[in-house]
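1. Any chance you can model this:
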Amino acid sequence: MPRTRRSTLRQIPSGVWVLGFVSMLMDISSEMIHSLLPLFMVSTLAASAFAIGLIEGLAEATALVVKVFSGTLSDYLGKRKGLTLFGYALGALTKPLFALAHSLGIVLTARLLDRVGKGIRGAPRDALVADITPLHLRGAAFGLRQSIDTLGAFLGPLLAVGLMLLWANDFRAVFWVAVIPGLMAVALLAFGLREPAYLQVEKRINPIRRENLRRLGAAYWWVVLIGAMFTLARFSEAFLVLRAEQGGIPMALVPLVMVAMNLVYALSAYPFGKLSDRTSHTRMLAFGLAVLIAADLVLAASNHWGVVLAGVALWGVHMGMTQGLLSAMVANAAPADLRGTAFGFFNLVSGLAMLVASMIAGLLWDQLGASATFHAGAAFCALALVGLGWRPSAKVA
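-> Numbering: from 1, shown residues only. Now for the predicted structure:
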């Protein structure tokens, strides 16, 4: 088994590794901020849970809506790297706004601009991974990129905790440090990745013409529907941070819950991605939903730090089982020349679901308490399981 694992890793194209480390650096930058942002908004800017849910939902929905246009444009141009680079650069340049924010309006502006950058880079980057990876390795490639990416989401909160302890809970100083890895990500992408030549010479036509959109068949739209249902069942991770804070964990240590979640996510994404290349996708998605139901029920039961940690770890397992898999399913269900568009529409629908889910979570949190929020998440999981039981006659890869 170890020899097989090494052999698979050697077969994955070097461009996938570069994109993984670019994502890792940007995630270190982003998560240093995002792991502290809910606490910053509550303690410094006096925000309510609903306001946090609204800001997070709008931000994530913005990112996913923008992916439609960037993915379609990358298909039309036949080029992915330029848009991906611009998206990472925009994300890096918005980080100083968080350090300068003195109102929720500025935080919202910073989050929206940051997520616009994520939206611009997301679909072209995912399409680029599919373009440079053979079909039989796509699950492993998406899982590997997700694992390296999520390593950054593990290191970012860890750095945030260390700096908060060192600098006596100085949020703004930590936010300034977060600018550095973002700029490193932009430099690595600019100089470390060469786009495949065939993407640049092949003639393209408008991807969103009606006859082209018809080529995205029932199997693809089923994946879109399932992805949206998964997003409804899994609202913003800001609520994991708030749940940990309820348990009386010192403010500087609260981001450790995101460290735990992302460590589990990083360790599980590649093995589950590799497994998805040789097992039933719907069965793995169903197991992922079952794990998320368990996570929600655990988080609803108590705000004791041990219980919260267990729930957050289960949340990470769910992410590792499902996120790379859904990306591979989109890539497999779409024609090669429409992959950017396919990822864009997938993320548009998921973005709208994220907005709805985060607003509902925030309202339930304010009106009925944290337990109601997580119980609602478990209920949405049950609906998603029903959705998995229906699928079009066309076989989904």
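
2. does Gly344 really touch Arg125, like I thought?
-> No - if you go by C-beta atoms under 8 Å, Gly344 and Arg125 don't touch, sitting 11.9 Å apart. Heads up, the C-betas are built off the backbone N, CA and C, glycines and all.

3. Quick check: mean pLDDT of whichever strand or helix holds Trp365?
-> Element membership for Trp365 (DSSP states H and E) is helix 339-368. Over the span of helix 339-368, the pLDDT mean works out to 82.

4. Ok, stretch 16-33 next?
-> 90.

5. list the buried ones in it?
-> 16-33 (16 or more other C-beta atoms under 10 Å).

6. Same question for stretch 357-369.
-> Buried-residue list, stretch 357-369, by 16+ other C-beta under 10 Å: Ala357, Ser358, Met359, Ile360, Ala361, Gly362, Leu363, Leu364, Trp365.

7. Where strands are concerned, which of the buried residues of stretch 16-33 count?
-> Among the buried residues of stretch 16-33, no member falls in strands (criterion: DSSP state E).

8. Mind checking which of those are in helices?
-> Under the assignment DSSP state H, the buried residues of stretch 16-33 contribute 16-33 to helices.

9. Dump stretch 283-294 to CSV, keeping only the CA atoms.
-> Provided in CSV are the C-alpha atoms of stretch 283-294 (Å, rounded to 0.1, in the frame of the first residue of the first chain):
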residue,chain,number,x,y,z
ARG,A,283,-22.1,6.1,-1.6
MET,A,284,-19.1,8.2,-0.4
LEU,A,285,-21.3,11.4,-0.5
ALA,A,286,-23.9,9.5,1.6
PHE,A,287,-21.3,8.6,4.2
GLY,A,288,-20.1,12.2,4.2
LEU,A,289,-23.6,13.4,5.0
ALA,A,290,-23.9,10.9,7.8
VAL,A,291,-20.6,12.2,9.3
LEU,A,292,-22.0,15.8,9.0
ILE,A,293,-25.2,14.8,10.8
ALA,A,294,-23.1,13.4,13.6
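
10. Give the buried residues for it.
-> Met284, Leu285, Ala286, Phe287, Gly288, Leu289, Val291, Leu292, Ile293, Ala294.

11. quick one: that stretch to chain centroid distance?
-> Centroid separation for stretch 283-294 versus its chain: 18 Å, with C-alpha atoms, centre = their mean, to the nearest Å.

12. Point out where this protein drops to low pLDDT.
-> Residue ranges of the chain with pLDDT under 70: 1-6, 60-61, 63-65, 67-68, 197-213, 236, 391-397.

13. Pick out the residue closest to the middle of it.
-> Gln323 (7.7 Å; C-alpha atoms, centre = their mean).

14. Just say helix, strand or coil for that residue.
-> helix (DSSP: H, G, I helix; E, B strand; the rest coil).

15. State the distance from Thr44 to Tyr88.
-> 28 Å (C-beta to C-beta, to the nearest Å).

16. again with Leu240
-> For Leu240 relative to Tyr88 (C-beta to C-beta), the value is 26 Å.

17. the more surrounded of those two?
-> Remark: of Leu240 and Tyr88, Tyr88 carries more neighbours, 28 against 24, as counted by other C-beta atoms under 10 Å.

18. does that one really touch Gly119, like I thought?
-> No - the pair Tyr88 / Gly119 is not scored as a contact, 11.7 Å apart, by C-beta under 8 Å.

19. Where do the helices of the stretch 51-200 of the chain begin and end?
-> Counting by DSSP state H, counting those that start in this stretch, the stretch 51-200 of the chain has helices at residues 81-100, 104-132, 138-166, 171-177, 179-192, 197-201.

20. List the buried residues in the first one.
-> Same thing as helix 81-100. For helix 81-100, the neighbour count (16+ other C-beta under 10 Å) marks 81, 83-95, 97-99 as buried.

21. and the angle for that helix with helix 104-132?
-> 160 degrees (axes from the mean of the first three to the mean of the last three C-alpha atoms, to 10 degrees).
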